[in-house]
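A.B. asks: Fold the following and give me the result.
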Amino acid sequence: MPPKLTLSIITTLLSTAVYSQPQDTGTFYAGGNIGASVIDTDSIYLDGDDHPTSATGGLVLGVNITPYLALETDYSYLGQMPTANGDKTVDAWSNYLLTRYALSDNAGLYFKLGMSLNDDNWTPSAGTGVNYRLSQNWLLDVGYRWIDDIPDVESDLYEFTVGGRYLFGVDEPVPLPPIAKSTLPPEPELKEVVVSIDAETLFKFDSDEVQVNEALLRAVDDIGTTQQIIVVGHTDSTGSAAYNMALSLRRAVAIKDFMVLKGIPENNILVQGRGEEEPIASNDTHIGRNQNRRVEIRYHVVKAEE
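C.D. replies: Coordinates of the predicted model:
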């Protein structure tokens, strides 16, 4: 990659650090790298070797100055490079401003921009790489960097490295407090109460006018402050199904109106007419038809503990 293009990309990325992977502010890290370096193939000192490479190694020290930025310095041995006077040992002291970008909870992409000192000459340098968090304090680092125009070598240098970083002063994760057991009392268990009253004791034949009896009064007293009541009217199969449905509904409404008069909130009462659809006995006998003509009052009460 041309040096000017590399420098432009790194500068842009450093100016948009809002997406970086945060580290603990004020913490230090130290580590080392090993790798390989290569110089540009246009070096005037190459002797038939188009891609001279050398083993490299170095030490790294850094500090996280914000959750997203760090200052980093390293001293590196960069290998043997060809010069006008033969091969030369190249080493460099480099200083960078570094930023990270989150790839996952444990991995981050970083970019760095700075200067490298070699033989009393400062030259631009930039790099990129990936950190992977192996544990609370250890990072695996895989990186690449470019150093511009190494003195005497008259060529740019590119280095590829792998290494480790140890983080100092990283806070241990705070364990979550145990979940407190609820002190609220358990919800009461409810049971359904169904009061079935013979319709013949409540209504005259083919009528929806309530005749109050003891069973109805006792049911209203037992209901008390129950939040929801359902009143269901039933008939036998005598007559048309449509007529029986309408009669059962009118009778359920009549019972509701009586309950409202006795102080039960109207909004607490639902009415339903089932006509002849839910017999509890055979409609083929007089006794069975009499059992089927009924009004049911349904509500819930707290189930008594056994």
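A.B. asks: Tell me the spacing between the residue lying closest to residue 85 once chain neighbours are set aside and residue 250.
C.D. replies: Excluding its sequence neighbours, the residue lying closest to residue 85 (CB to CB, 6 or more residues apart in numbering) is residue 152, at 7.7 Å. Just so you know, the C-beta spots here come from the backbone N, C-alpha and C atoms, and that holds for glycine as well. For residue 152, the distance to residue 250 (CB to CB, to the nearest Å) stands at 110 Å.
A.B. asks: And residue 75, by the same measure?
C.D. replies: Per CB to CB, residue 75 is found 98 Å from residue 250.
A.B. asks: One more: residue 271?
C.D. replies: Going from residue 271 to residue 250 by CB to CB gives 9 Å.
A.B. asks: who's more crowded, those two?
C.D. replies: Ranked by neighbour count (other CB atoms under 10 Å), residue 271 and residue 250 place residue 271 first, with 19 against 16.
A.B. asks: isn't that one right up against residue 249?
C.D. replies: Yes. If you go by CB atoms under 8 Å, residue 271 and residue 249 touch, sitting 6.8 Å apart.
A.B. asks: Tell me which residues touch the residue nearest to residue 85, please.
C.D. replies: 81, 83-85, 88, 119 (CB atoms under 8 Å, 6 or more residues apart in numbering).
A.B. asks: From those, which land in helices?
C.D. replies: Among the contacts of residue 152, none falls in helices (DSSP state H).
A.B. asks: Identify the farthest-apart pair in those.
C.D. replies: Maximum pairwise distance among the contacts of residue 152 (CB to CB): 13.6 Å, between 84 and 119.
A.B. asks: what about the residue nearest to residue 85, which helix or strand?
C.D. replies: Element membership for residue 152 (DSSP states H and E) is empty, with no helix or strand holding it.
A.B. asks: separation between it and residue 119?
C.D. replies: 7 Å.
A.B. asks: And residue 126, by the same measure?
C.D. replies: Residue 126 is 20 Å from residue 119, where distance means CB to CB.
A.B. asks: Please apply the same query to residue 30.
C.D. replies: Note on residue 30: its distance to residue 119, by CB to CB, is 26 Å.
A.B. asks: Check residue 276 too.
C.D. replies: Distance, residue 276 to residue 119, by CB to CB: 108 Å.
A.B. asks: Those two: who's more crowded?
C.D. replies: For residue 276 versus residue 119, neighbours defined as other CB under 10 Å are more numerous around residue 276 (22 against 12).
A.B. asks: tell me the phi and psi of that one?
C.D. replies: phi -100, psi 10 (degrees, to the nearest 10).
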